[in-house]
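Visitor: need a structure here:
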Amino acid sequence: MNPSPRAVDRRSALRAGAGAAIVGAFTTGCSDDEGGARPAGSSTPPPSASAAAAARPGKPRPAPAPRAFPGQPVQIESGPRARPQVALTFHGQGDPKIATTLLGEAEKAGARVTVLAVGSWLDEQPAMARRILDGGHELGNHTQHHIDISAMDESEAYAEITGCADRLRRLTGSIGTWFRPSRAQYATPLVQKLARQAGYPHVLSYDVDSLDFTSPGASAVTRNVTGQIRNGSVVSLHFGYADTVAALPVLLAELERRRLRAVTTTELLI
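Guide: Purely as a prediction, here's the structure:
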């Protein structure tokens, strides 16, 4: 049975209030991600999942490796439309306290996400790699320096891909499950070829753009996603932006209302 509109509205309002409260704790901090407004910082402590994972004895298992999906194109924008599942994918860069807050919000809602991390960010915040994986999420490659890979020559572009892959391998035992080009929704044929040479059978694009990096306001971020999202959608979001922090609880509540389950991109395609 579907929940009553009043119950759904109340739950959405409560989550929206939680998002606003979280944003209130942030102050401006990190450098630009996509050339839009500046991300914000936070004093929120990491969620309990990270502490629980750190307390587990033994060496962590290597992270999953990339895999080929027969029947899928080299460049993947979305998953199957027949199942009520979606993939929330985050460009991994910015203040790690905001990142852990967003991960914690997803985990409280039972959502798993895909994080495409920038290699230079991992150099500065190496603990974030294991935090992402220990939360049940997926970790991938978003180039080493997050500059326009489409404008590079072959050797420069390959170095951007393999540079981040090397960081991921050192930190997690894997080059990451996915590659997404920097500052581009779609990879050029050259970048697709170089990604395959680096060990990624597919390039991950998306069919829903939240435009959160433009800092349009939390309501606009939510509308941008909910107005387009459907079964199989891959959504582009970003760490490091206050609008994203405020929008995520509302977005997760709306996914629940629509009976859409947020899973990793690999889970979406299996």
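Visitor: and Ala106, what pLDDT?
Guide: At Ala106, the predicted lDDT confidence score is 98.
Visitor: same deal with His238?
Guide: 97.
Visitor: now the helices: where do they sit in the stretch 1-150 of the chain?
Guide: Assigned by DSSP state H, counting those that start in this stretch, the helices in the stretch 1-150 of the chain fall at 5-24, 48-55, 96-108, 119-124, 127-134.
Visitor: Could you double-check that Glu256 lies in contact with Lys108?
Guide: No: using Cβ atoms under 8 Å, Glu256 is not in contact with Lys108; the gap is 11.8 Å. For glycine as for every other residue, the C-beta is placed from the backbone atoms N, C-alpha and C.
Visitor: Which one of those two is surrounded by more residues?
Guide: The neighbour comparison of Glu256 against Lys108 (other Cβ atoms under 10 Å) goes to Glu256, with 19 against 14.
Visitor: export the stretch of helix or strand that one belongs to as PDB, just CAs?
Guide: Per DSSP states H and E: Glu256 is located in helix 242-257. Backbone C-alpha positions of helix 242-257 (Å, rounded to 0.1, in the frame of the first residue of the first chain) are rendered in PDB as follows:
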ATOM      1  CA  ALA A 242      25.900  23.200   0.400                       C
ATOM      2  CA  ASP A 243      22.900  23.000  -2.000                       C
ATOM      3  CA  THR A 244      23.600  19.300  -2.400                       C
ATOM      4  CA  VAL A 245      23.700  18.700   1.300                       C
ATOM      5  CA  ALA A 246      20.400  20.400   1.800                       C
ATOM      6  CA  ALA A 247      18.800  18.800  -1.300                       C
ATOM      7  CA  LEU A 248      19.800  15.200  -0.600                       C
ATOM      8  CA  PRO A 249      17.400  14.300   2.300                       C
ATOM      9  CA  VAL A 250      14.400  15.700   0.200                       C
ATOM     10  CA  LEU A 251      15.600  13.800  -2.900                       C
ATOM     11  CA  LEU A 252      16.000  10.600  -1.000                       C
ATOM     12  CA  ALA A 253      12.500  11.000   0.400                       C
ATOM     13  CA  GLU A 254      11.100  11.500  -3.100                       C
ATOM     14  CA  LEU A 255      12.900   8.400  -4.400                       C
ATOM     15  CA  GLU A 256      11.300   6.500  -1.500                       C
ATOM     16  CA  ARG A 257       7.900   7.900  -2.400                       C
END
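Visitor: For it, give the mean pLDDT please.
Guide: Average pLDDT, helix 242-257: 97.
Visitor: And stretch 71-87, by the same measure?
Guide: Mean predicted confidence for stretch 71-87 is 98.
Visitor: what about it, start to end distance?
Guide: In terms of Cα to Cα, to the nearest Å, the two terminal residues of stretch 71-87 are separated by 19 Å.
Visitor: Outside of that stretch itself, list whatever touches it.
Guide: Here stretch 71-87 makes contact (Cβ atoms under 8 Å, 6 or more residues apart in numbering) with 69, 113-114, 186-187, 192, 196, 201-207, 229-235, 255, 258-265, 267-269.
Visitor: hang on, the earlier thing: can you tell me which of the helices of the stretch 1-150 of the chain the model trusts least?
Guide: Looking at the helices of the stretch 1-150 of the chain, the bottom one is helix 48-55 with a mean of 42.
Visitor: longest strand of the protein?
Guide: Using DSSP state E to define each element, the chain has its longest strand at strand 85-92.
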